[in-house]
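*Asks:* Sharing a model that was predicted from the sequence below.
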Amino acid sequence: MAVKLQVSDNKVSIIIEERFDFSLHQQFRDAYTGHEEAKTVFIVELSKTEYMDSSALGMILLLKDHAEKHSSTVIIRKPNASVNKILEIAQFHRLLPIEL
Amino acid sequence: MLLSKEEAKIALVVDDSAMQCKVLSILLKEEGYRVFTANDGARGVAMYVKYKPDLVLMDINMPVMNGYEAARKIKSLSQKNSLCPLIFITSMDTDNAFIESIDAGGDGILVRPFSPEVFKAKIKSIQRISDLYAQVKSLQLEQQMDAELAEQLMSGVIESRNYGLDKIGIIKQPAALFSGDIQLSALCPNGDINVLLGDFTGHGLRSSIGAIPLSETFRAMTRKGFSLHEIISQINTQLYDLLPADLFLCGTFLTISAHDGTAYLLNAGLPESYVFSEQGDIKHKILSNHPPIGVLPKLLADSKVKVISVEQTDRIILISDGIVEARNEQGDMYGFERFEESATLGIKSQNVCGIISESLKDFCQGMPQEDDISLIDIPCRGWEKSFVSNVAPPILSQAQVDDLYSVGVPVWEWDLSLTGNRLARVNPIPMVMGQINEIEGNDEHWNNLYTILTELFVNALDHGVLGLNSKLKSCPEGFVKYFTEREARLDGLNDGAIRIKLSFFPFIDGGRIKISIKDSGTGFDAQQQESKNDADVLALSGRGIDLVEQLCESLLYKESGTLAEATYVWTS
């Protein structure tokens, strides 16, 4: 279970493996703090995420707050079917772009 | 709370050599300890009980009771909340002595000979561990007390005030001691029932912060007669302002209006809600169509409260994700299919909660629960009863009757005209009720007045101003069409007006309120050229009017049906 980070130009990819839950709270926050340049695109890469709970939704909202404060954006990328179902129930596509 | 004790720590030295006791005592005193000594194991145990020391130093070979046995006794006596470190002091430098010391409950061993510096270093290190242990224990205790308080608050204060628990079935199995799930029900002034199943992010105390403002707002606004949408909207604003970004509420909000066979529902972030028929067939599934509450500053305009036509025999079931995501040992989830099957079975055998709980238990086979599990099962009937019992017309004394029909001057009058898009946006009924409560105080019988006002206002708006025909509502398809059309006409409302006027005439032990509601519509005659007998009026204005007639002293339609005049009388 880990949060991996890839930074290139104005892109910050946060890759979540296995379970995305409260235990990643600090790691997830550490991943985006410090990236305060305007027009950064934060990509939450979920292709390797098998499970996500509601505290993970909360963490994404914290990231969204951080991004908006610095005129940046957040994209959720490639959630699997069960993770996407959770995003769908929470209607997250109304809040930020989700790339399937 | 301070974790460190201010007074000197106490050490107990147990050694059959008086010389050894003396040497260790001097070293310990230099470290600031008060020291007690004992010369055999049995006396050591007795001294332990008497002085409750912070540290025990124990020789191994002693008369009466040896060190290992004394250590076992002491460890079994030591309170759970303090470690009371125990160090064996011995000259037996063997693996066996070391292993046995630890087995007996020792926290360390010091082998003679050792220098005073090494001894003091050992004492310091063991004391550090002991302090840490005490700190953890005390934090744990505090946390548990907080959680218990939260639990007590939730079950004792918040959920004990729920309405209609004799008819509503509830499953509530928290994952942690304190559940992030909240289940509320409250009675509307017109006899409708409002229900909320909510799931705050996370578990434990953290997830409960929002529960108090949530339940207060839900209850207060329900009691005042605000619509479901207004209540959700207010709760959303409140939680958005109050909670940090990562704390929010997934919730399903429901109103069941038994007297007009309608359910109003908004699902914001929970799994599908269900409407089941009496036979256990799924009639509707209502999917989440709004992000959780408290995430956005305002509710999304295009996510409307769903209006569903329901039969008296239907049941509505709300669930949180804990049920469908419950896992068994193999890691499989309980899932929607199993849930729906047991729900159907539960409805057929009139034991929804029992059968679903049982099926869930069979499936999980004792696997520890990861998330809160909750469900609410609400019948669509039985909500009009408590209301109808209020209806009995008052029996007036002769003096009251004389009073009633004397042409008095009202002690107060109040009126409000709403036009155009204000009319589309504002619900004036809670305002009117607020005024009455301000002037005349709170009373149960105002609930009847609330119903009269609501029905008359809705009629004036729907049929008068918006020109909708309630005949549409007679079949389920028309029902949906009616509400869609209503929504569209409201959105485009630029002109049109409604005036509400109240006049209050008190008499001995009671009073009379005259209600006039005038709308800018074309009236009944224009819509229906024929006679305007009661049946026509009823057909045009829906079932609500039937109810108003029961509640009122008199109800008259004037000015081609654009002016409704009702008189409500009560005695206290």
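*Replies:* Cool, the structure landed.
*Asks:* you'd agree B:L184 is up against B:G164?
*Replies:* No - using CB atoms under 8 Å, B:L184 is not in contact with B:G164, being 11.2 Å away. Placement of C-beta: from N, CA and C, glycine included.
*Asks:* who's more crowded, those two?
*Replies:* Between B:L184 and B:G164, counted using other CB atoms under 10 Å in any protein chain shown, the more crowded position is B:L184 (23 against 17).
*Asks:* If we ignore the residues flanking it in sequence, what's nearest that one?
*Replies:* Closest residue to B:L184 apart from its sequence neighbours, by CB to CB, 6 or more residues apart in numbering or on different chains: B:L196 at 4.4 Å.
*Asks:* which ones are touching that neighbour?
*Replies:* B:L196 makes contact with B:182-185, B:214, B:218, B:251-254, according to CB atoms under 8 Å, 6 or more residues apart in numbering or on different chains.
*Asks:* Most neighbours out of these, which is it?
*Replies:* That'd be B:G251 among the contacts of B:L196, by other CB under 10 Å, with 31 neighbours.
*Asks:* show me what contacts that one?
*Replies:* B:196-199, B:268-270, B:292-293.
*Asks:* Skipping its backbone neighbours, what lies nearest the residue nearest to the spatial centre of chain A in space?
*Replies:* Among the residues of chain A, the one closest to the centroid is A:V44, at 3.3 Å (CA atoms, centre = their mean). Leaving aside its chain neighbours, A:V44 sits nearest to A:I76 (4.9 Å; criterion: CB to CB, 6+ apart).
*Asks:* What of A:E50?
*Replies:* A:E18 (5.5 Å).
*Asks:* and what of B:K501?
*Replies:* With sequence-adjacent residues excluded and distances taken as CB to CB, 6+ apart, B:K501 is closest to B:D415, at 3.9 Å.
*Asks:* Can you get me a residue count around residue 53?
*Replies:* Going with chain A. The tally of other residues near A:D53 (other CB under 10 Å) stands at 19.
*Asks:* Actually, chain B is the one I wanted.
*Replies:* Residues lying near B:P53 (other CB under 10 Å) number 23.
*Asks:* pretty sure it is touching B:C84, no?
*Replies:* Yes - proximity of B:P53 to B:C84 meets the contact threshold set by CB under 8 Å, at 7.0 Å.
*Asks:* Who are the contact partners of the closest residue to chain B within chain A?
*Replies:* Using CB to the nearest CB, A:G58 is the residue of chain A that sits closest to chain B, at 3.0 Å. Taking CB under 8 Å, 6+ apart, we find A:G58 in contact with B:201-202, B:245-248.
*Asks:* and which of these is nearest chain A?
*Replies:* Nearest to chain A among those: B:D246, at 3.0 Å, using CB to the nearest CB.
*Asks:* list the buried ones in stretch B:420-433?
*Replies:* For stretch B:420-433, the buried set under the neighbour-count rule, 16 or more other CB atoms under 10 Å in any protein chain shown, comprises B:423-424, B:428-433.
*Asks:* Touching, the residue nearest to A:V44 and A:E99? I think so.
*Replies:* Yes - counting by CB under 8 Å, A:I76 touches A:E99, with 7.1 Å between them.
*Asks:* Would you mind naming the residues that bridge with the residue nearest in space to the middle of chain B?
*Replies:* Nearest to the geometric centre of chain B sits B:I182, at 3.0 Å (CA atoms, centre = their mean). Assessed by DSSP bridges, B:I182 has beta-bridge partners B:G198.
*Asks:* Next one: it relative to B:D314, how far apart?
*Replies:* Using CB to CB, to the nearest Å, B:I182 is found at 24 Å from B:D314.
*Asks:* Also near chain A: which of the buried residues of stretch B:420-433, exactly?
*Replies:* Applying CB under 8 Å from any CB of the partner chain, the subset of the buried residues of stretch B:420-433 adjacent to chain A is empty.
*Asks:* Spatially, which two of the residues you listed are the most separated?
*Replies:* B:A424 and B:M433 (20.3 Å; CB to CB).
*Asks:* ok, residue 10 - contacts?
*Replies:* I'll assume chain A. A:37, A:39-41.
*Asks:* oops, chain B please
*Replies:* Contacts of B:I10 (CB under 8 Å, 6+ apart): B:33-36, B:51-55.
*Asks:* Look up phi and psi at it.
*Replies:* In terms of degrees, to the nearest 10, the main-chain angles of B:I10 are phi -110, psi 130.
*Asks:* Apart from its neighbours in sequence, what residue is nearest it?
*Replies:* The spatially closest residue to B:I10, leaving aside those adjacent along the chain, is B:P53, at 4.3 Å (CB to CB, 6+ apart).
*Asks:* secondary structure element for that neighbour?
*Replies:* Secondary structure from DSSP states H and E places B:P53 outside every helix and strand.
*Asks:* Looking at it now. What's its pLDDT?
*Replies:* Predicted confidence (pLDDT) for B:P53: 91.
*Asks:* Might you report the residue contacts of it?
*Replies:* B:9-12, B:36, B:47, B:84.
*Asks:* tally of neighbours for the residue of the stretch 401-550 of chain B at minimum distance from chain A?
*Replies:* Nearest to chain A, among the residues of the stretch 401-550 of chain B, is B:E487, at 19.4 Å (CB to the nearest CB). Per other CB under 10 Å, the neighbour tally for B:E487 reads 13.
*Asks:* Can you tell me the SS state at it?
*Replies:* Taking DSSP: H, G, I helix; E, B strand; the rest coil as the rule, one finds B:E487 in the helix state.
*Asks:* Please verify my assumption that it contacts B:K306.
*Replies:* No - counting by CB under 8 Å, B:E487 stays clear of B:K306, with 11.4 Å between them.
*Asks:* circling back: out of the contacts of B:P53, who's the most crowded?
*Replies:* Most surrounded of the contacts of B:P53: other CB under 10 Å gives B:L12, at 27 neighbours.
*Asks:* Among the buried residues of stretch B:420-433, which lie within helices?
*Replies:* Among the buried residues of stretch B:420-433, the ones falling in helices (DSSP state H) are B:423-424, B:428-433.
*Asks:* what residues are up against the residue of the stretch 51-200 of chain B found nearest chain A?
*Replies:* Nearest residue of the stretch 51-200 of chain B to chain A: B:D199, at 7.1 Å (CB to the nearest CB). Residues near B:D199 by CB under 8 Å, 6+ apart: A:54, B:180-182, B:249-251, B:269-270, B:320-322, B:372, B:374.
*Asks:* Could you give the backbone dihedrals for B:S303?
*Replies:* According to degrees, to the nearest 10, B:S303 has phi -100, psi 90.
*Asks:* actually B:L141, not the one I wrote
*Replies:* Main-chain dihedrals, B:L141, degrees, to the nearest 10: phi -60, psi -40.
*Asks:* in the longest helix belonging to chain A, what counts as buried?
*Replies:* The longest helix of chain A (DSSP H) is helix A:54-69. Within helix A:54-69, the residues that count as buried by 16+ other CB under 10 Å are A:54-64, A:66-67.
*Asks:* ditto for stretch B:244-264
*Replies:* Buried, per 16+ other CB under 10 Å, within stretch B:244-264: B:245-264.
*Asks:* same check, this time on stretch A:32-41
*Replies:* For stretch A:32-41, by 16+ other CB under 10 Å, it's A:32, A:35, A:40.
*Asks:* Fine by me, thanks again.
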